[in-house]
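> Fold the following.
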Amino acid sequence: MDDKALQALEQVASGNLEFHTGAWGCPAGYRWCGVGGGSVPTTWESVLERLEAKRLIAVEQRRGPLERTVNITSDGLTALASASLAS
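Numbering: from 1, shown residues only. Predicted coordinates:
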């Protein structure tokens, strides 16, 4: 896992990211949580998509136009712990 993927995984584990569905006229994509949030850098989008494809993170599945939480999976926690031990 490269540094950018590790940083993204740490941000997800800290609860700092959400996924916006694109409802209400905003583009769909990952965003920072909280006041003053906003879209994550474009370079992070592909990293987060890869982490999701590898099932290290998961976007909450539910109906409705609200933002979805992004959670770290058990595999993601294992990868994060392994990366921490390696450094």
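> could you pull out the strands for the chain?
Remark: strands assigned in the chain by DSSP state E are 17-20, 29-32, 38-39, 57-59, 68-72.
> next one: the first one to chain centre, how far?
The chain centre lies 7 Å from the centre of strand 17-20; the measure is CA atoms, centre = their mean, to the nearest Å.
> Show me the contact partners of it.
Contact with strand 17-20 is made by 11, 26-33, 37, 40, 48, 59-60, 67-70, as judged by CB atoms under 8 Å, 6 or more residues apart in numbering. Quick note: C-beta positions are derived from backbone N, CA and C, even for glycine.
> Any of the residues you listed buried? List them.
Q11, G29, Y30, R31, V40, L48, V59, E67, R68, V70 (16 or more other CB atoms under 10 Å).
> and the least confident of those residues?
Ranked by pLDDT, the buried ones among the contacts of strand 17-20 bottom out at E67, which has 79.
> check contacts around that residue.
The contact partners of E67, by CB under 8 Å, 6+ apart, come to E18, F19, H20, T21, R31.
> hmm, 10 Å instead?
Neighbouring residues of E67 by CB atoms under 10 Å, 6 or more residues apart in numbering: E18, F19, H20, T21, A23, C26, R31, C33, G37, V59, E60.
> which other helices and strands contact the helix or strand of the chain with the lowest mean pLDDT?
Every helix and strand of the chain was ranked by mean pLDDT, DSSP states H and E. The lowest is strand 38-39, at a mean of 85. With contacts taken as 3 or more CB pairs under 10 Å, 6 or more residues apart in numbering; DSSP states H and E, strand 38-39 sits against strand 29-32.
> Pairing partners for the strand it packs on, with directions?
strand 17-20 (antiparallel), strand 38-39 (antiparallel) (DSSP bridges).
> Any chance of TSV for these, columns mean neighbour count?
TSV is the format used below for these (neighbours: other CB atoms under 10 Å):
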stretch	mean neighbour count
strand 17-20	20
strand 38-39	10
